[in-house]
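Colleague: Quick one, structure for this:
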Amino acid sequence: GKIGVPDSILLKPGKLTDDEWKVMRKHPEYAFQMLSPISYLSKALEIPYCHHEKWDGTGYPRGLKGREIPLSARIFAVVDVWDALRSDRPYRKAWPEDRVTEYIRSQSGSHFDPEVVEVFIKISEDMEKDKIS
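Modeller: Numbering: from 1, shown residues only. The predicted structure follows:
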């Protein structure tokens, strides 16, 4: 969906204006429109369309809340934020893994499904243990 957002917004090094945020917040709708004609993706359309919905209902584009948000989108929301924070962006450096984990944990129950957060953190910790051993 971000293909429909101008690079001047996507790559902006500073804070977005209110108007720029309005454009950026349309990317789930752009993704839905672009991917809808592809029949084999029909069952996955809820992921790009709903991954910015928040557990407490303050997300977008539809303001879904709790279990109204498809499970696949609730899972992807956590993964998407983890990836975004662990990656360098034009406007900030990547965060260390422990800071990202703490941030995701702090958003459990508001931004994210608490059960998804719990499982995601457990899997992350298990993967880290496997790297060490």
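
Colleague: Go through the longest helix seen in the chain and flag the buried ones.
Modeller: The longest helix of the chain (DSSP state H) is helix 114-132. Judged by neighbour count using 16 or more other Cβ atoms under 10 Å, the buried positions of helix 114-132 are V116, V117, F120, I121, S124. All C-beta spots, glycine's among them, are computed from the backbone N, C-alpha and C.

Colleague: Show me what it is packed up against.
Modeller: With contacts taken as 3 or more Cβ pairs under 8 Å, 6 or more residues apart in numbering; DSSP states H and E, helix 114-132 sits against helix 71-86, helix 97-106.

Colleague: between these, which gets nearest to H27?
Modeller: Between H27 and these, the tightest spacing by Cβ to Cβ is seen for helix 71-86, at 11.7 Å.

Colleague: pLDDT of that closest one, averaged?
Modeller: The predicted model assigns helix 71-86 a mean pLDDT of 97.

Colleague: Check stretch 10-29 too.
Modeller: 90.

Colleague: what sits up against that stretch?
Modeller: By Cβ atoms under 8 Å, 6 or more residues apart in numbering, the residues outside stretch 10-29 that reach it are 1-2, 4-6, 9, 48-52, 60-61, 90-91.
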